[in-house]
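> following is a predicted model, sequence given first.
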Amino acid sequence: MGKRQTDFGAVAFAGNLNKFASGLTTMPCACEGRTFCGDLNIRIKADGTWHYNDSPINRPEMVHWFASMLKLDEEGRHWLITPTEMGRIDVDDAPFVVVDFHVSGEHENQVLCFCTNLDDVVCIDANTPVTMEPNPLSGELTPYVQIGDGLKAKITRAVYYELVELGTSQTINDQTVFGLWSAGHFFPLGSLSDKDT
């Protein structure tokens with residue numbers, strides 16, 4: 001019964017975006033013809049779960065639908081944008097989480113493809129890099145995958161440990177760094193002593 005009520009709330013939200021109060025001014029896209037809905041009561045937690053009014057959204061198809069509308073503005077704020085409406089949501093860390101990966105080939109010829117918590121698959125190349133960035137919650141260097149339009153997925157600790165087994169050292173600008181090869185590109189991760197998530 002609790003799940004059904006939570007899902008009904010999410011469905012009601014999806015059909016009534018324009019009833020939320022406005023209050024923001026910066027937009028991630030041209031907003032002609034769109035109703036500005038202000039802050040929405042949607043939050044993506046650090047583990048990648050989506051919540052509406054502090055309750056989890058339990059229907060995967062609803063989460064996938066919301067995720068397909070997700071955009072990032074120049075100030076690092078996340079928005080849900082439809083052809084007619086738009087509103088801002090809260091994201092604790094990254095909106096997506098890498099939960100598994102597949103590797104083909106070896107060494108410089110290997111290709112890494114990551115699977116997110118929403119079952120999206122992204123292959124790592126020059127346009128979809130792995131980066132090490134400070135975690136907004138802990139401040140520690142954390143591995144992320146850039147997945148387009150400024151959005152990113154955090155690589156879980158378990159996946160990162162497996163990736164380290166595929167890593168190698170390279171000399172870049174007279175410095176030896178540890179990293180990963182994928183699709184003919186080398187992605188530095190730092191030294192083996194660096195902390196991860």
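All right, it came through fine. Residues are numbered from 1 along each chain as shown.

> pLDDT weak spots in the chain?
Along the chain, segments meeting pLDDT under 70 span 1-33, 191-197.

> residue furthest from the geometric center of it?
Taking CA atoms, centre = their mean, the residue of the chain most remote from its mean C-alpha position is D174, at 32.8 Å.

> now it: how far from P56?
Distance, D174 to P56, using CB to CB, to the nearest Å: 50 Å. The way it works is simple: take the backbone N, C-alpha and C, and place the C-beta from them, glycine included.

> likewise L80?
Shown here: L80 relative to P56, a distance of 17 Å by CB to CB.

> the two: which has the busier surroundings?
Under the criterion of other CB atoms under 10 Å, the comparison of L80 against P56 puts L80 first, with 22 against 16.

> what separates the helix or strand that one falls within from the chain centre, distance-wise?
According to DSSP states H and E, L80 maps onto strand 78-81. When C-alpha coordinates are averaged (CA atoms, centre = their mean, to the nearest Å), strand 78-81 and its chain have centres 13 Å apart.

> next SSE after that strand?
Following strand 78-81 in sequence order, the next helix or strand is strand 85-91 (DSSP H and E).

> pairing partners for that following strand, with directions?
Strand partners for strand 85-91, identified by DSSP bridges, are recorded as strand 35-44 (parallel), strand 78-81 (antiparallel).

> H64 is in contact with L118, correct?
Yes: in this structure, L118 is within contact of H64 by CB atoms under 8 Å, at 5.9 Å.

> domains in the protein, as residue ranges please.
Residue ranges for each domain of the chain read 2-91, 96-190, as given by automatic domain parsing.

> many thanks, I have nothing further to ask.
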